[in-house]
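Participant: Give me a model of this one.
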Amino acid sequence: MTNLAIAANGLRKSYGDKVVLDGVDFAVPHGTIFSLLGPNGAGKTTAVKILSTLISPDPTSGPVRVGGHDLAADPRAVRTTIGVTGQFSAVDGLITGAENMLLMADLHHLSKRDGQRTTTELLERFDLTDAAGKPASTYSGGMKRRLDLAMTLVGNPRIIFLDEPTTGLDPRSRHNMWQIIRELVADGVTVFLTTQYLEEADQLADRIAVLNDGRIAAEGTAAELKRLIPGGHVQLRFEDPAAYARATSALRDTVRDDQALTLQIPSGGTQRELRAILDRLDDADVHADALTVHTPDLDDVFFALTGGARIPTQPKEALR
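Facilitator: Predicted structure coming up:
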């Protein structure tokens, strides 16, 4: 447990008869990015609110530790170690970026000198120095999100909860935010990330959990999750109909497209599988004009786990 920034066992939350979280486990090592994926209403934001002490879990919920502190016994200690950037900006548009930062410094009881120094350093780090004296209402969406995250960092938290931090941002702003998150983790910060962008989780997360109907449907690295889903294949394309015919005879279990002169062979894309396919083609003295390998991506994983498609069951220990 000592190497975990967040450890939750059997986390539960209900609102009346509506079960939002039904015995969820989290284990997030220090200095890593853990991403929680799930459809709207799956319970992602509820999990963040509980782990960041904004709401309480059910009385039947299991133990939760954040930053080494017991969530139920010492929520104040938990709050001293964390920062939260929610779905909706905490930026006050009526005051300047610098004033937003100084207000946050006051809330953290920093001295005037330390507040000024922290504000200057963070505005520079987030490339907001030139806009520091302008009302935050004039900021672009990307600038507001950077200011929001800068405000979160005023208290120097070692664990940060980012609840869909790039929603509504254009691709450039989103990639800029990704780089900021990577830099935070390089400095030893732990990030608990919820996102609706599958590419975001794929790019950033060390581990990913898919939340569906209040439970963790699967957890692992991006590569491990992709291996859960069938559908990987190798596609061979031919320009010569005679070569296509010979390849069709040489290869088994193919899906044929006679119009496009392509063959699709089920494959996990491993070197051994590719070599076996190429050996059969060599034995038939035929060569493909193009070869492409398709492996399931997180989109496939997400829809299979949350859209009702049946996937092979995998024991937890195989993913850890």
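Participant: max-length helix in the protein?
Facilitator: helix 171-186 (DSSP state H).
Participant: From the chain's centroid, how far away is it?
Facilitator: 13 Å (CA atoms, centre = their mean, to the nearest Å).
Participant: cool, and stretch 125-138?
Facilitator: 28 Å.
Participant: and the gap between Lys114 and Ala7?
Facilitator: Wrong residue type there; residue 114 is Asp, not Lys. Remark: distance between Asp114 and Ala7 (CB to CB, to the nearest Å) = 32 Å. Glycine gets a C-beta too; all of them are placed from N, C-alpha and C.
Participant: list the buried ones in the strand or helix carrying Thr152?
Facilitator: Per DSSP states H and E, Thr152 falls inside helix 141-152. Neighbour-count burial for helix 141-152, counted by 16 or more other CB atoms under 10 Å, picks out 142-152.
Participant: Show me what it is packed against.
Facilitator: strand 82-85, helix 97-107, helix 112-125, helix 171-186 (3 or more CB pairs under 8 Å, 6 or more residues apart in numbering; DSSP states H and E).
Participant: on that earlier part again, nearest to Ala243, out of the buried residues of helix 141-152: which one, please.
Facilitator: Gly142 (51.1 Å; CB to CB).
Participant: which residues touch the closest one?
Facilitator: Residues counted as contacts of Gly142 (CB atoms under 8 Å, 6 or more residues apart in numbering) are 169-170, 172-173, 176-177.
Participant: C-terminal to the longest helix of the chain, what's the next element?
Facilitator: strand 190-194.
Participant: So in that sheet, which strands flank that next one, and in what orientation?
Facilitator: Using DSSP bridges, the strands paired with strand 190-194 in its sheet are strand 33-37 (parallel), strand 159-163 (parallel).
Participant: what angle sits between the first one and helix 171-186?
Facilitator: Here strand 33-37 runs at an angle of 130 degrees relative to helix 171-186 (axes from the mean of the first three to the mean of the last three CA atoms, to 10 degrees).
Participant: Kindly export the helix or strand where Ile277 lies (C-alpha atoms) in CSV.
Facilitator: Per DSSP H and E, Ile277 falls inside helix 271-283. Extracted in CSV, the C-alpha atoms of helix 271-283 (Å, rounded to 0.1, in the frame of the first residue of the first chain):
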residue,chain,number,x,y,z
GLN,A,271,5.7,-11.5,-35.4
ARG,A,272,5.2,-15.3,-35.3
GLU,A,273,1.7,-15.0,-36.9
LEU,A,274,3.0,-12.6,-39.6
ARG,A,275,5.9,-14.9,-40.3
ALA,A,276,3.6,-17.9,-40.7
ILE,A,277,1.5,-16.0,-43.2
LEU,A,278,4.5,-14.9,-45.2
ASP,A,279,6.0,-18.4,-45.2
ARG,A,280,2.8,-19.8,-46.7
LEU,A,281,2.9,-17.1,-49.4
ASP,A,282,6.6,-17.9,-50.1
ASP,A,283,5.7,-21.6,-50.4
